[in-house]
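Student: Quick one, what's the 3D model for this:
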Amino acid sequence: ARIEKTIQDAISLRPDRIAFYSYAHVPWTSKAQRLFDESDLPEASEKMKLYQKGKELFRAAGYMDIGMDHFALETDELFLAIEKETLYRNFMGYTVKRGAGMIAIGASAIGEIGGSYFQNIRETKPYEDSVNSEGVAAFRGCLLTQDDKERKWIIQQLMCKFVLRFQDYQKLFQKDFAQQFQSEILKLSDFSQEGILKVDSDSIVITDLGRLFIRNVAMIFDAYLNLPTGATYSKTL
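Tutor: Below is the predicted model:
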């Protein structure tokens, strides 16, 4: 009842776009979250019901699904970007197209320029000191490998278009997708059986049901998830 009232209040403001996604419990990153644990949070099945209720209310009010967890009016340029197939996703959410680059401004901000990512110092005072003395405050970053770039493109296709055409991959990277990602395609069979996606010799198409699990599908193409780095991530649901 509380979340339904919150959604109705948001809809009454008639914003062009609405982002509606699950709270991420990452106490190892956010110290304030250590005041409670996962036993205080709703189960995955309950969170799914909350999302379904929100989606129902948004659609009834004229908002259409835009990528993951985002909704927009059909008159909004973000919705129109789907038809143009220019929709792009960055750290902050969806944009109408890919920009030349994203410069990180502020403590902990993450930037994306060319084939690189970099993050600023997280703490406010050290960030300010670094900007004042050095002019910049990046403390870490990474350069994308060719494999990174290809997998990034694949995940972008899935999250922004909900379809991945093998011929587009071949045209862009001069490689055969089915041959290059044979093991990943095999791993998609369980998703196919559950009606989450359809795979044929030409493409991977995400179904309406599959949009709810698009993060799980994208994870199949993430080469870093199974590496022994010790990294921990928030849940997909």
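Student: So the residue nearest to Ser189 when sequence neighbours are not counted versus Gln156, what's the distance?
Tutor: Distances taken as Cβ to Cβ, 6 or more residues apart in numbering put Val199 closest to Ser189, at 8.0 Å, once the chain neighbours are dropped. Yep, even glycine has a C-beta here, placed from its N, CA and C like the rest. Separation of Val199 from Gln156 (Cβ to Cβ, to the nearest Å): 18 Å.
Student: returning to that earlier point: residues contacting the residue nearest to Ser189?
Tutor: Applying Cβ atoms under 8 Å, 6 or more residues apart in numbering to Val199 gives the contacts Ile185, Leu188, Ser189, Ser192, Val205.
Student: Which one of those is nearest to Ser12?
Tutor: Val205 (35.9 Å; Cβ to Cβ).
Student: Which stretches in the protein count as helices?
Tutor: 2-12, 44-60, 77-84, 124-134, 146-160, 166-173, 177-180, 182-187, 189-193, 214-219 (DSSP state H).
Student: wait, Ile3 sits on Gln52?
Tutor: No: contact criterion Cβ atoms under 8 Å: Ile3 and Gln52 do not qualify, at 11.4 Å.
Student: Let me know the outermost residue of this protein.
Tutor: Distance from the C-alpha centroid of the chain, by Cα atoms, centre = their mean, peaks at Ser133 (34.7 Å).
Student: distance between the ends of stretch 198-206?
Tutor: With Cα to Cα, to the nearest Å as the measure, stretch 198-206 spans 6 Å from end to end.
Student: Mind listing what's buried along it?
Tutor: By 16 or more other Cβ atoms under 10 Å, the buried positions in stretch 198-206 come out as Val199, Ser203, Ile204, Val205, Ile206.
Student: got it, and stretch 137-144?
Tutor: Applying 16+ other Cβ under 10 Å to stretch 137-144 flags Ala137, Ala138 as buried.
Student: which residues are in contact with that stretch?
Tutor: Residues contacting stretch 137-144 (Cβ under 8 Å, 6+ apart): 104, 107, 111, 115-121, 126-127, 130-131, 152.
Student: Which one (most neighbours) among these?
Tutor: Asn120 (22 neighbours; other Cβ atoms under 10 Å).
Student: So it versus Lys31, what's the distance?
Tutor: 19 Å.
Student: follow-up on the earlier one: nearest to Leu225, of the helices of the chain?
Tutor: Minimum separation from Leu225 across these (Cβ to Cβ) falls at helix 214-219, 5.9 Å.
Student: Could I have the CA atoms of the closest one written out in CSV?
Tutor: Only the C-alpha atoms of helix 214-219 are listed here, as CSV (Å, rounded to 0.1, in the frame of the first residue of the first chain):
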residue,chain,number,x,y,z
ILE,A,214,17.7,-8.9,-18.6
ARG,A,215,20.5,-8.5,-16.1
ASN,A,216,20.7,-12.3,-15.7
VAL,A,217,20.9,-12.7,-19.5
ALA,A,218,23.6,-10.0,-19.8
MET,A,219,25.6,-11.7,-17.1
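Student: what comes up buried for it?
Tutor: Those would be Ile214, Arg215, Val217, Ala218, for helix 214-219 by 16+ other Cβ under 10 Å.
Student: Which elements pack onto it?
Tutor: Judged by 3 or more Cβ pairs under 8 Å, 6 or more residues apart in numbering; DSSP states H and E, helix 214-219 is in contact with helix 146-160.
Student: Okay, angle between the helix it packs on and helix 77-84 too, please.
Tutor: Interaxial angle of helix 146-160 relative to helix 77-84 (axes from the mean of the first three to the mean of the last three Cα atoms, to 10 degrees): 110 degrees.
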